[in-house]
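Q: Turn this into a structure:
(3 chains)
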Amino acid sequence: MQQVVNGIFLGSIYALFALGYTLVFGVLDILNLAHAAVFMLAAFVALALVGHGLHILAAFPLAVLGAGLLGVLLERVAFRPLRARADSNISGLISSLAMATIFEAVAYLVWGPNVSRFPFGTIPESQFHLGGAVISRLQVTIIGVAVALFVALTWLVTRTRLGREVRAVAESPRAARVLGVDVDRVIAWSFLISSALGGAAGVLYALAFNAIQPDMGRGVELKGLAVIVLGGMGSMPGAVVAGFALGLTEVFVVANLGASWRDAVSFAGLFLILVLRPRGLFGAAALREA
Amino acid sequence: MMEGLADLYATYQSTLAYIGLNGLLALSIYTSLSCGQLALGNAGFAAIGAYAAALLTMNAGAPFPLALAAAAVVPALVAIPLGLPVLRLKGIFLAIATIGFGEVVRIGLVNWDYVNGAQGLVAIPQKASVGLIWIVLAAATLLLWRLRGSKWGFALEAIRQDEPAARTMGIDTASYKLAMLMLGAALAGLAGGLEAHFTFMVAPNGFGFSRVVDMLVFAVVGGIASVWGPLFGASFLTVLPEAMRDLAPLLGIEPGPLRMLVNGLILLAVILFLPQGLVSLGARWRERRAARARRAA
Amino acid sequence: MSACLEVRDLARAFGGVRAVDGASFSVLPGEVRGLIGPNGAGKTTVINLVSGLLAPSGGAILVEGREVQGLAPHRVASSGVARTFQNIRLFLDLTALDNVLVGQHRLRHPSLPSRLLGLPASRAEERQARERAAALLERVGLAERVHERARNLSYGEQRRVEIARALASEPRLLLLDEPTAGMNPVEVQAVAALIRQVAADGRSVLLVEHNVRLVMGVCDAITVLNFGKLIAEGRPAEVARDPAVVTAYLGTAK
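A: A predicted model of the protein is given here:
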């Protein structure tokens, strides 16, 4: 039971991270390898804001907004100039790698290589018991925030005008343009939302483990990849389900096989899915089915 | 004079070795890219080569040439069962599947007690000299360079530019792609085997995702239109941190992050403004000078 | 005389749409066979099926008596089939000559060690290959453009390089998918003459073309498709009079 709770908790962060990852993938067919760097920078921004005396409840949305703006910057610098190229998905992958490196270097220069922690008292410490499991208020809050963001995103994609435009661009940028959609604006918004989600995941992750480092995004980066592949590239419900599935599996693997096998789950899964069922567990359930 | 050279060599021996090793790794990425495949499993292949060679010399007492041959052959053989399914994947999906493969290799080694898990192997006999590394690199360069312009070179170029059209010309594209994956695996494995016997240690975490990113950056920064680009990129980005080591304190920052920052900026500038890589600067400059000469005439 | 190409009850559907729906016809050795029909009749699909880029959902394709349906394109090519593409698919970063060299792929058998060492044997083989390729480019009227990159050639020139590239494999069956689209009348004349020459060499040609005049002038026989089905077949003059053909083309005739 304790493990189920821990798994759901970890899974909600993976899902949040992967949701942003897969949103951009669904729209642009581009893998944004700087997503994890945004995840990391958002955590540092939240830390800096808390350091300036802000309450974490105020710092969190500000850091998320900052991450979103970082996403817009990323899009302008690293993706928009390449969009006309024939190999834009591969050159985009490389330019996002460059941005990831730059972001990480900036984090090293500003905050140094050591683990930074939130000041004592940022995070409420209270716990309660539920059916034999110990649950902290923080865990409940994190799962709650994650679920609220899933709901908000689903609403955004399925019920709003922007959501319809995002789906149209994902389907065919050219057709969307013919229909009068401002494709550049929609892509910029997709990056904003995607990076905001990645940033939210970063802040929650940092709170959960109370540890922030410039290279904290690396492990999550590859796991996020595993999650979006398992869930089906571009599939948002798939990303959420696969995120939770990975979180739960990892927790059980650590409990039963040992911590060093934890990462094997995601990569072996990723690898097998691509070989056996490249469309992912959720088939071609792309963004349009969200 | 000779003494001065010897000193210089002693000081920069490690840099010279890494120019060669990184050159091999950059070429290993280039082989697949030359037929349009972004395969990123080469850190895994390098690890397999390094461990295969090191175990042979340490535990089986095998002669070094045999170990080095194994460093090339074992990864190439592993590439077959990997390549058959994953080479059907396109573009980004191939990249992701091969990244997954690389990580599986790394994690497998971390959990393999026989090779000391995350600690890795130490006290590997030092058998690889700088000279040997450069000879292997020269041989690999010759092979890839002579391939261009041949029947096989044209077939690879055709696959890179338009795979279905190439198939209708009788080119067995699947075999070519597999052959290049195997060749890339062999080159990466050789680099791994040489590195293990140069630094006399290997550890799984030296072959993580960031290592394959380095290889890709070497190739892309140099340019992947010819065999010279990856070599230039690898040399340039291996020497650059050495050159910057004295610069970092002047700027009041750490050398590590400075190196990351500069690498990131160079990579970004190249992908945005010089898609053919730094080696294309030379050609551009010549063209511009020729144009100026024509105008003057 | 046995057919060079025989197509039996060929069928291919995309989703629910039957692009080719039970077509049968054959092409004799040395024959130029026109394949015409209104837009969407399934002509290009037939070419894609015969060349192996698509697998049929039913029926058989025989090249010189051997079944090739469902084989990979490179296997189809090695049984003597070459093609051009409706939307030209040259290797744009290669020169005209190098494109034709790629076309020679299945005929060349150089030795790898000899090439790696730059031995005279491999140099001689390459020189011969280049000479053959240059001769082909001369044959399609591009002697002066041999070393030009394909992307710098005009539309008509690109189409001619594509024909030369297809001929480079010395095919028994040449599939031409709208080879004169976008060409000026002089170029069209040259292509017509070239097609007749190819047939005179004993090669069969399956020609998909919208230029009715060219089809009537150059083909020995014509097969007409509409909605994936064969609606008429025969000599050009007979086909032109066929009421079914006239009906199919009404309003869409060019």
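
Q: tally of neighbours for whichever residue of the stretch 1-150 of chain C sits closest to chain A?
A: Nearest residue of the stretch 1-150 of chain C to chain A (CB to the nearest CB) works out as C:L92 at 9.8 Å. In this view, the C-beta of every residue, glycine as well, is placed from N, C-alpha and C. By other CB atoms under 10 Å in any protein chain shown, 16 other residues sit near C:L92.

Q: Helix, strand or coil: sort out C:L10 for me.
A: Here C:L10 is recorded as strand under DSSP: H, G, I helix; E, B strand; the rest coil.

Q: What sits closest to it if chain neighbours are left out?
A: Distances taken as CB to CB, 6 or more residues apart in numbering or on different chains place C:G59 nearest to C:L10, at 3.9 Å, with adjacent residues excluded.

Q: Please determine how far the one you found is located from C:G228.
A: C:G59 sits 11 Å away from C:G228, taking CB to CB, to the nearest Å as the criterion.

Q: Kindly report the same for B:G252.
A: On the measure of CB to CB, B:G252 and C:G228 end up 74 Å apart.

Q: So between these two, which is more surrounded?
A: C:G228 (23 against 6).

Q: List of residues touching the lowest-mean-pLDDT helix or strand in chain A?
A: For chain A, scoring each helix and strand by mean pLDDT, DSSP states H and E identifies strand A:127-130 as the least confident one, at a mean of 73. Strand A:127-130 has contacts (CB atoms under 8 Å, 6 or more residues apart in numbering or on different chains) with A:M1, A:V5, A:V134, A:I135, A:S136, A:R137.

Q: Just the buried positions in stretch A:153-173, please.
A: A:L153, A:T154, A:V157, A:G163, A:E165, A:V166, A:R167, A:A168, A:V169, A:A170, A:P173 (16 or more other CB atoms under 10 Å in any protein chain shown).

Q: For the residues you listed, give me TSV that also has pLDDT, distance to chain C and secondary structure.
A: Below are the buried residues of stretch A:153-173 laid out as TSV (pLDDT from 0 to 100; distance: CB to the nearest CB, whole Å; DSSP: H, G, I helix; E, B strand; the rest coil):
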residue	pLDDT	distance to chain C	secondary structure
A:L153	89	31	helix
A:T154	87	29	helix
A:V157	85	26	helix
A:G163	87	27	helix
A:E165	89	26	helix
A:V166	87	26	helix
A:R167	86	21	helix
A:A168	86	21	helix
A:V169	87	23	helix
A:A170	84	20	helix
A:P173	82	20	helix
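
Q: just the residues you listed that are near chain B?
A: Among these, no residue lies close to chain B (CB under 8 Å from any CB of the partner chain).

Q: Dihedrals phi and psi, C:F14?
A: Main-chain dihedrals, C:F14, degrees, to the nearest 10: phi -110, psi 110.

Q: can you check A:L192 too?
A: phi -60, psi -50.

Q: excluding its backbone neighbours, what's nearest it?
A: Distances taken as CB to CB, 6+ apart place A:G68 nearest to A:L192, at 4.3 Å, with adjacent residues excluded.

Q: isn't the one you found right up against A:A196?
A: Yes - using CB atoms under 8 Å, A:G68 is in contact with A:A196, at 3.7 Å.

Q: which residues of the stretch 51-200 of chain B fall in strands?
A: B:121-122 (DSSP state E, counting those that start in this stretch).

Q: check contacts around residue 24.
A: Chain wasn't specified; assuming chain A. A:I30, A:N32, A:H35, A:S190, A:F191, A:S194.

Q: Switch to chain C, please.
A: C:S24 neighbours (CB under 8 Å, 6+ apart): C:V7, C:R8, C:D9, C:L10, C:G59, C:L230.

Q: Try it again at 7 Å.
A: Counting by CB atoms under 7 Å, 6 or more residues apart in numbering or on different chains, C:S24 touches C:V7, C:R8, C:D9, C:L230.

Q: Count the neighbours of the second one for me.
A: As a burial measure, the neighbour count of C:R8 was computed by other CB under 10 Å and equals 16.

Q: With adjacent residues omitted, what lies nearest to it?
A: Closest to C:R8 by CB to CB, 6+ apart is C:A60, at 4.5 Å.

Q: On the pLDDT front, check residue 172 for me.
A: In the absence of a named chain, chain A is used. If you check A:S172, the pLDDT there is 82.

Q: Oops, wrong one, chain C.
A: For C:R172, the predicted pLDDT is 96.
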